[in-house]
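> Everything below, folded, please.
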Amino acid sequence: MATPTNGARTDLRDHGTGELIKDLSGQISRLVRQEIELAKVEMTEKGKKLGVGAGMFGGAGVAGLLMLGSLTAFLIIVLALAMPWWAAALIVTVVWGVIAAVLALKGREEMREMGKPVPEQTIETVKEDVQWLKHRR
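Reported below is the predicted structural model:
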């Protein structure tokens, strides 16, 4: 039984088919709007996490490039005092490669924390809505 706003009780069986379909259509429209709004909110949150992870990757790259030039030259010069210059350059290159790998792994970890770039909550609620509609028939 449905209760109108004026407090009187009305049996849904007293309504015509057209009125029931109109009510159902209105409910479905509201439901779709709510699902779209939920998807927007969820995607905004995921976008922020993606931005943080991408920013970390970018920051690591810029910082690495800025420091790489001067520090590399310094390390090669220092190591060249004890060994051939080519061996010093090779050692420094390997060290920078390890640092780059660690930064890349950390950035990938941040990106994975975000999860799939889809509105997971919205998908679940839409599935529930479909089940609800099936049971209403």
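
> pLDDT at the spatially most central residue of the chain, what is it?
For the chain, the residue nearest the mean C-alpha position is residue 46 (2.8 Å; CA atoms, centre = their mean). Note on residue 46: pLDDT of 88.

> Check which helix or strand it maps to.
helix 17-80 (DSSP states H and E).

> Against which helices or strands is that helix packed?
Here helix 17-80 touches helix 85-114, helix 120-136, going by 3 or more CB pairs under 8 Å, 6 or more residues apart in numbering; DSSP states H and E. C-betas here are computed from N, CA, C, even on glycine.

> May I see these organised as CSV, with mean neighbour count and distance to residue 66 added?
Putting the helices and strands packed on helix 17-80 into CSV (neighbours: other CB atoms under 10 Å; distance: least, CB to CB, whole Å) gives the following:
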stretch, mean neighbour count, distance to residue 66
helix 85-114, 13, 13
helix 120-136, 12, 38
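
> could these be laid out in TSV, adding mean pLDDT and distance to residue 41?
Shown next, in TSV, are the helices and strands packed on helix 17-80 (pLDDT from 0 to 100; distance: least, CB to CB, whole Å):
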stretch	mean pLDDT	distance to residue 41
helix 85-114	91	15
helix 120-136	82	9
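
> I'd like to know which of these lies nearest to residue 14.
Closest approach to residue 14 among the helices and strands packed on helix 17-80 (CB to CB): helix 120-136, 18.1 Å.

> ok, and what's touching the closest one?
24, 28, 31, 35, 38-39, 42 (CB atoms under 8 Å, 6 or more residues apart in numbering).

> and residue 109, what does it touch?
The contact partners of residue 109, by CB under 8 Å, 6+ apart, come to none.

> How about residue 115?
residue 46.

> Looking at residue 33 now. What's its pLDDT?
Residue 33 carries a pLDDT score of 90 in this model.

> ok, now the one 5 residues further on?
If you check residue 38, the pLDDT there is 89.

> quick one: the residue nearest to it when sequence neighbours are not counted from residue 58, how far?
Leaving out its chain neighbours, the residue that sits closest to residue 38 by CB to CB, 6 or more residues apart in numbering is residue 122, at 4.8 Å. Distance, residue 122 to residue 58, by CB to CB, to the nearest Å: 29 Å.

> Noted, bye for now.
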